[in-house]
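K.L.:
Got a sequence here, can you build the structure:
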Amino acid sequence: MAAASVTAGVLLPGWSASAKATDAPTVDSATKAAFQRLADAVFTDRTQSLVGDARSGRQKSHPQRTSGFTGRVRLSETQSREEGSTLDELRARKSSLARLGERYSGARTSVTLDAIRVKGPHATADVTETTTLAYEKARGAEPKTTGFRAHHVLTFQADHKGGWQLTDVGDIDDGYLAVNQVAKPSVAAPATAAAPPSATRSATTWPAPANPKNFSATGYRYNAMAAYATKYWNSYNPDYPDFSGAGAGGDCTNFVSQSLKAGGWQHVPGYTTDFHKWFGNSDIQSDSFVGVNEFSWFALSSKRVTSLANVYQMDVGDVLQLDFDRDGSKDHSMIVTKRSRQGMPYVTYHSTDTYNRSVASIVASYPSAAYYAYRT
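P.N.:
Numbering: from 1, shown residues only. All right, here's what the predicted structure looks like:
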């Protein structure tokens with residue numbers, strides 16, 4: 001676990017501005033460790049709220065870990081209420097998933113502390129959360145687990161007693177697509193292009209009408225697409241740029257394009273801004289290779305994809321896109337890496353880095369979003 005060095009001379013509880021700079025206290029190792037433990041408790045509580053009893057399907061009796069922080073580092077009263085509301089929403093999501101036949105029998109969350117910044121009575125901690133959930137009663141070739149890696153920033157406020165209170169939990173990744181997140185994503189501004197084709201929205205009702213995929217019709221290697229996505233879901237391929245950083249716009253479509261390319265999609269060279277073109281490598285990428293809307297425009301206009309009537313018709317190598325607030329500008333891209341015998345597709349994606357998440361979980365988390373499913 002690594003932590004950034006703390007700037008000397010910062011104001012901390014119990015230290016006045018008149019003190020000598022050399023006497024300025026710092027956030028010591030014990031406080032850093034407490035920050036990390038509280039972050040771990042917050043995200044563990046969120047994850048465990050999704051876990052049911054394997055025998056009854058009811059909520060397991062998990063003690064709330066954040067309630068144990070009452071000393072020098074703890075939740076503020078406002079944040080405590082926020083976390084309570086978040087857990088209630090996640091428990092409701094668990095019930096929605098159960099009605100779709102999906103339950104989690106167990107989970108594991110760990111949090112590492114990446115950096116700390118202190119300015120006066122304020123401190124921010126960057127942390128990385130790694131979470132794995134076990135699917136209950138997974139059968140045959142169905143995935144046994146789903147998981148993700150997410151990056152968060154926690155804001156702490158010093159109190160008059162010399163302690164620290166957690167006042168805000170934010171998310172660094174583009175989009176709020178981790179299984180245990182509930183915040184509404186920010187929406188990117190609509191992209192512009194000349195006469196782009198319009199995608200057809202897909203229904204989210206379960207079960208879906210049959211629409212089996214012909215795996216030999218196109219000559220593409222769909223299992224190679226899934227294998228690539230599985231290999232690089234949290235270990236980015238150095239042969240391509242990484243757009244996951246803050247302000248970079250997100251790596252989701254770049255990742256999907258790489259996976260499709262690994263399965264046989266060929267470059268269509270030309271101007272980067274022409275949505276009829278599609279290409280990407282370490283040096284240059286077309287807008288359609290990395291942009292959510294531009295990818296849709298290229299894929300439809302080139303007839304490399306067709307729209308599916310229902311998201312649950314997707315199979316390995318198919319692509320799912322979301323428009324969170326239904327404003328017509330799509331916000332996120334994912335690729336299907338598994339499909340169960342019961343007809344449940346599982347998607348893998350970047351930003352937030354996630355593998356084998358069921359489409360039922362996506363729909364239950366974002367019931368008001370617009371969905372676009374593409375047969376590749």
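
K.L.:
going forward, measure contacts and count neighbours with C-alpha atoms only.
P.N.:
Will do.

K.L.:
if I read this right, residue 281 contacts residue 238, doesn't it?
P.N.:
No - applying C-alpha atoms under 8 Å, one finds residue 281 not in contact with residue 238, separated by 10.1 Å.

K.L.:
the more surrounded of these two?
P.N.:
When residue 281 and residue 238 are compared on other C-alpha atoms under 10 Å, the one with more neighbours turns out to be residue 281, at 13 against 8.

K.L.:
For the more buried one, give me phi and psi.
P.N.:
phi -150, psi -160 (degrees, to the nearest 10).

K.L.:
List the contacts of it.
P.N.:
Taking C-alpha atoms under 8 Å, 6 or more residues apart in numbering as the criterion, residue 281 is in contact with 239-241.

K.L.:
Now, of those, which are buried?
P.N.:
240-241 (16 or more other C-alpha atoms under 10 Å).

K.L.:
Closest one to residue 126 out of the contacts of residue 281, please.
P.N.:
Distance from residue 126 was checked for each of the contacts of residue 281 by C-alpha to C-alpha. The minimum falls on residue 241, at 22.7 Å.

K.L.:
element containing the nearest residue to that closest one once chain neighbours are set aside?
P.N.:
With sequence-adjacent residues excluded and distances taken as C-alpha to C-alpha, 6 or more residues apart in numbering, residue 241 is closest to residue 282, at 5.9 Å. No secondary structure element spans residue 282, as it lies outside all helices and strands (assigned by DSSP states H and E).

K.L.:
Go ahead and confirm residue 282 touches residue 240.
P.N.:
Yes - using C-alpha under 8 Å, residue 282 makes contact with residue 240 at a distance of 4.4 Å.

K.L.:
Go through the chain and flag its longest strand.
P.N.:
For the chain, the strand with the greatest residue count under DSSP state E is strand 104-119.

K.L.:
Now it - C-alpha only, CSV.
P.N.:
Output for strand 104-119, consisting of C-alpha atoms alone and laid out as CSV, is shown next (Å, rounded to 0.1, in the frame of the first residue of the first chain):
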residue,chain,number,x,y,z
TYR,A,104,-24.8,-13.3,-4.8
SER,A,105,-23.7,-15.8,-2.2
GLY,A,106,-20.6,-14.1,-1.0
ALA,A,107,-18.3,-11.1,-1.6
ARG,A,108,-14.8,-9.8,-0.9
THR,A,109,-13.7,-6.2,-0.9
SER,A,110,-10.3,-4.7,-0.3
VAL,A,111,-9.2,-1.1,-0.4
THR,A,112,-5.7,0.3,-0.9
LEU,A,113,-4.6,3.9,-0.1
ASP,A,114,-3.0,5.5,-3.1
ALA,A,115,-2.4,9.1,-2.1
ILE,A,116,-3.2,11.7,0.6
ARG,A,117,-3.4,15.5,0.2
VAL,A,118,-3.8,17.8,3.2
LYS,A,119,-4.6,21.5,3.1
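
K.L.:
List the buried residues for it?
P.N.:
Using 16+ other C-alpha under 10 Å as the burial criterion, the residues of strand 104-119 that qualify are 104-107, 109-118.

K.L.:
Could you report the neighbour count for the residue nearest to residue 241?
P.N.:
The number of residues near residue 282, taken as other C-alpha under 10 Å, comes to 11.

K.L.:
ok now do the nearest residue to residue 343 once chain neighbours are set aside, which residues does it touch?
P.N.:
Among residues not flanking residue 343 along the chain, residue 312 sits closest, at 6.7 Å (C-alpha to C-alpha, 6+ apart). Counting by C-alpha under 8 Å, 6+ apart, residue 312 touches 204-208, 343-345, 359.

K.L.:
Can you tell me which of those residues is nearest residue 50?
P.N.:
Residue 50 has its nearest neighbour among the contacts of residue 312 in residue 359, at 15.8 Å by C-alpha to C-alpha.

K.L.:
residue contacts, the closest one?
P.N.:
Applying C-alpha under 8 Å, 6+ apart, one finds that residue 359 lies in contact with 311-312, 344-347.

K.L.:
would you list every one of the helices in the protein?
P.N.:
29-48, 77-99, 222-232, 252-262, 287-290, 292-301, 359-365 (DSSP state H).

K.L.:
hey, least reliable of the ones you listed by pLDDT?
P.N.:
Set side by side, those show their lowest mean pLDDT on helix 77-99, which sits at a mean of 89.
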